[in-house]
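S.K.: A structural model of the following input is requested.
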Amino acid sequence: MFDTLSDRLSGALRDLRGKGRLSDADIDSTAREIRIALLEADVALPVVRSFIARIKERAKGVEVSQALNPAQQVVKIVNEELIAILGGETRRIALAKEPPSVVMLAGLQGSGKTTLAGKLARHLKNQGHTPLLVACDLQRPNAVNQLQIVGERAGVPTFAPEPGNGVGDPVDVARRGIAFAREKQYDIVIVDTAGRLGVDTELMQQASDIKAAVQPDETLFVVDAMIGQDAVSTAEAFRDGVGFSGVVLTKLDGDARGGAALSVREVTGQPILYASNGEKLEDFDVFHPDRMASRILGMGDLLTLIEQAERVFDEEQSQKAAQKISTGELTLEDFLEQMLAIRKMGPIGNILNMLPGANSGQMKEALAQVDDRQLDKLQAIIRGMTPAERADPKIINGSRRLRIANGSGVTVSDVNDLVNRFFEARKQMKMMAGQFGFGGGRSATRKQAKNKRKAKQAKKNNRPNRQSGQNVGANPFGADPSQLPPGLQQLPPGLDQLPPGFDPSKLNFGNKKGK
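M.R.: Reported below is the predicted structural model:
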């Protein structure tokens, strides 16, 4: 959604790089390009004016004129102001002191409230809560049934005493839902309310009545990020008519101009709490203004990428895989497990887009060619192998490759390509692991163990080590520092800048017994 805006902003800031000093004309030109980019992205005009005014004021001040790199300082200013527009700090959902906490969802029909209710319930359940969905949308056909299905997929119960389709009193259902949650000891209640095709008196009155009946701890306005400037006007209408404490953005995976989403926080004064960027229940997360600003400016979002990886990767399996990589024992079975874990994180293109520089020209063109179906083909080939073939790909001869190709619906050349690339990748990973100190294969492991035994025996006998010619008891490293290679005689980067008066001899690292 923010691709076009990201391209325009990156282009405007790119022109500043390489300039040792910025003139007022440079800053005015950059501000003009940023203004055009925001307006084309459908950001509200008042928001654009205040945003540009703040940037120009800071860019023409002492903050930039005395900076060592003025261009980078301007980028920093734009990033900080963009974070401010998006809400500044991340805000978590407010919970009641005594359960159940009540979260009411409001918004127009088609904004994705019902699906979002299931996503929010799943999110809260994964955090250790016991949520309950309450079906108060009794107007839209099959809305109650849809909420029940979404609740089943999320593993969360749904309170739906009325069939809906125009039957039942939503205010009464909301009251009974709170009582049911209190009786069954659910700690969070998510109330799904009805929407309309447009803002009207009946919608506002019903939402106000439900809010008065349940006294929600959070009233979340669900806004479709694809509806343009109507998102801002609708948000203002709900703020004045019903009132809400937070905003949830849906359909951020669309290709419409998403600048209106940037305007909601600035116009309404209420923070964006969550963002939904897909149809699946897992396509939902807490909204982080700093991370979103970083992604819009093409700086990537490594923190979100790490969090997603932590959710899907098993730590024990990852450590075993790392050990196998360092010793060159990685198998196709391990490769398949890692590939399946990556697929759980979402489309590969979305994952790679979180890397810094993903919006640059060549990188962006390369990402556009990424096709998840290639991973599906690789999975089919590996699944067509026997356990013995996955464990030891060297036994896959010509006849086996033909059988695997026929069984997985690919050509023999596809199987050859996978096996050859796997051997090459395993070789490269082993070499990299050795360079970065994660081990150097079986021979290196045996050699290290042998050297340790020699050093231990030499220390026990308090006699010189034959390899180094030094007394191991006197020098535990078994080598004369003056005879080490030049690179090892220097301190690691950063340690040559210790604070004044630092005395290493006073450090206490404890002995082997933990004293």
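
S.K.: Of all the helices and strands in this structure, which has the lowest average confidence?
M.R.: None of the helices or strands of the chain scores lower by mean pLDDT, DSSP states H and E than helix 441-461, at a mean of 54.

S.K.: what about stretch 343-361, average pLDDT?
M.R.: What stretch 343-361 shows for mean pLDDT is 63.

S.K.: got a list of what the residue lying closest to Glu33 once chain neighbours are set aside touches?
M.R.: Spatial nearest neighbour of Glu33, chain neighbours left out: Ala12 (3.6 Å); criterion: C-beta to C-beta, 6 or more residues apart in numbering. Yep, even glycine has a C-beta here, placed from its N, CA and C like the rest. Counting by C-beta atoms under 8 Å, 6 or more residues apart in numbering, Ala12 touches 30, 33-34, 37.

S.K.: Against Asp24, how distant is Ala12?
M.R.: 16 Å (C-beta to C-beta, to the nearest Å).

S.K.: so is the residue nearest to Glu33 in a helix, a strand, or just coil?
M.R.: helix (DSSP: H, G, I helix; E, B strand; the rest coil).

S.K.: Report pLDDT for it.
M.R.: For Ala12, pLDDT reads 71.

S.K.: And the strand or helix carrying Val144, what's buried?
M.R.: For Val144, the host element (DSSP states H and E) is helix 143-154. The neighbour-count check on helix 143-154 (16 or more other C-beta atoms under 10 Å) flags 143-144, 146-148, 150-151, 154 as buried.

S.K.: And for stretch 73-92?
M.R.: 73-75, 77-79, 81-87, 91.

S.K.: For that stretch, what does the pLDDT average out to?
M.R.: pLDDT averaged over stretch 73-92 gives 82.

S.K.: Packing partners of the longest helix anywhere in the chain?
M.R.: Scanning the chain for the longest helix, with DSSP state H as the assignment, gives helix 412-435. On a contact count with 3 or more C-beta pairs under 8 Å, 6 or more residues apart in numbering; DSSP states H and E, helix 412-435 meets helix 315-327, helix 372-383, helix 398-408, helix 441-461.

S.K.: if I look at Lys211, how far off is Pro387?
M.R.: Lys211 is 59 Å from Pro387, by C-beta to C-beta.

S.K.: Looking at these two, which is more packed in?
M.R.: Remark: of Lys211 and Pro387, Lys211 carries more neighbours, 21 against 10, as counted by other C-beta atoms under 10 Å.

S.K.: in which helix or strand would I find the more buried one?
M.R.: helix 201-214.

S.K.: got the contact list for that helix?
M.R.: Against helix 201-214 from outside (C-beta under 8 Å, 6+ apart): 102, 104, 106, 136, 170-171, 174-175, 177-178, 189, 191, 193-196, 219, 237-238, 241-243.

S.K.: Which ones among those lie within strands?
M.R.: 102, 104, 106, 189, 191, 219 (DSSP state E).

S.K.: Return the per-residue confidence for the residue nearest to the first one when sequence neighbours are not counted.
M.R.: Meaning Val102. Closest residue to Val102 apart from its sequence neighbours, by C-beta to C-beta, 6+ apart: Pro216 at 4.3 Å. Listed pLDDT for Pro216 reads 89.

S.K.: Just the element for Pro216, please.
M.R.: Residue-wise, Pro216 maps onto no helix or strand under DSSP H and E.

S.K.: contacting residues around it?
M.R.: Per C-beta under 8 Å, 6+ apart, neighbours of Pro216: 102-104, 191.

S.K.: For PyMOL, what selects the buried ones among these?
M.R.: Selecting only the buried entries of the contacts of Pro216 in PyMOL, with 16+ other C-beta under 10 Å as the criterion:
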select buried, resi 102+103+104+191
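
S.K.: of all the contacts of Pro216, which comes closest to Gln428?
M.R.: Sorting these by distance to Gln428 puts Val103 at the head of the list, at 49.2 Å, by C-beta to C-beta.

S.K.: wait, the closest one sits on Leu95?
M.R.: No. Counting by C-beta atoms under 8 Å, Val103 does not reach Leu95; the two are 9.2 Å apart.

S.K.: Overlap of the contact sets of the two?
M.R.: 188, 217.

S.K.: now the helices for the stretch 201-350 of the chain?
M.R.: Ranges of helices in the stretch 201-350 of the chain, per DSSP state H, counting those that start in this stretch, are 201-214, 230-241, 259-268, 289-296, 302-312, 315-327, 332-344, 348-352.

S.K.: Just the C-alphas of the helix holding Val144, formatted as PDB.
M.R.: Extracted C-alpha coordinates of helix 143-154, given in PDB (Å, rounded to 0.1, in the frame of the first residue of the first chain):
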ATOM      1  CA  ALA A 143     -23.000 -12.000  10.400                       C
ATOM      2  CA  VAL A 144     -23.500 -14.100  13.500                       C
ATOM      3  CA  ASN A 145     -22.700 -17.300  11.600                       C
ATOM      4  CA  GLN A 146     -19.500 -15.700  10.200                       C
ATOM      5  CA  LEU A 147     -18.400 -14.600  13.700                       C
ATOM      6  CA  GLN A 148     -18.900 -18.200  14.900                       C
ATOM      7  CA  ILE A 149     -16.800 -19.600  12.100                       C
ATOM      8  CA  VAL A 150     -14.100 -17.100  12.700                       C
ATOM      9  CA  GLY A 151     -14.200 -17.900  16.400                       C
ATOM     10  CA  GLU A 152     -13.800 -21.600  15.700                       C
ATOM     11  CA  ARG A 153     -10.800 -21.000  13.500                       C
ATOM     12  CA  ALA A 154      -9.200 -18.800  16.200                       C
END
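
S.K.: And the helix or strand following that helix, what does it pack against?
M.R.: Later in the chain than helix 143-154, the nearest helix or strand by DSSP H and E is strand 158-159. The helices and strands touching strand 158-159, judged by 3+ C-beta pairs under 8 Å, 6+ apart, are strand 131-135, helix 143-154, helix 170-184.

S.K.: quick one: the first one to helix 170-184, angle?
M.R.: With axes from the mean of the first three to the mean of the last three C-alpha atoms, to 10 degrees defining the directions, strand 131-135 sits at 160 degrees from helix 170-184.

S.K.: Tell me which residues are up against strand 131-135.
M.R.: Applying C-beta under 8 Å, 6+ apart, the external contacts of strand 131-135 come out as 100, 117-118, 120-121, 124-125, 143-144, 147-148, 150-151, 156-160, 162, 164, 173-174, 177-178, 180-181, 184, 186-192.

S.K.: who does that strand pair up with?
M.R.: The pairing partners recorded for strand 131-135 under DSSP bridges are strand 158-159 (parallel), strand 188-192 (parallel).

S.K.: pLDDT on that strand, on average?
M.R.: On average, strand 131-135 scores 92.

S.K.: before we move on, what about the last one?
M.R.: With pLDDT averaged residue by residue, helix 170-184 scores 90.

S.K.: Now do that helix: which elements does it pack against?
M.R.: strand 131-135, strand 158-159, strand 188-192, helix 201-214.

S.K.: Ok, which of those comes nearest Ala41?
M.R.: It is, among those and with distance given as C-beta to C-beta, helix 201-214, at 28.8 Å.

S.K.: which of the residues in that closest one are buried?
M.R.: 203-204, 206-207, 210-211, 213-214.
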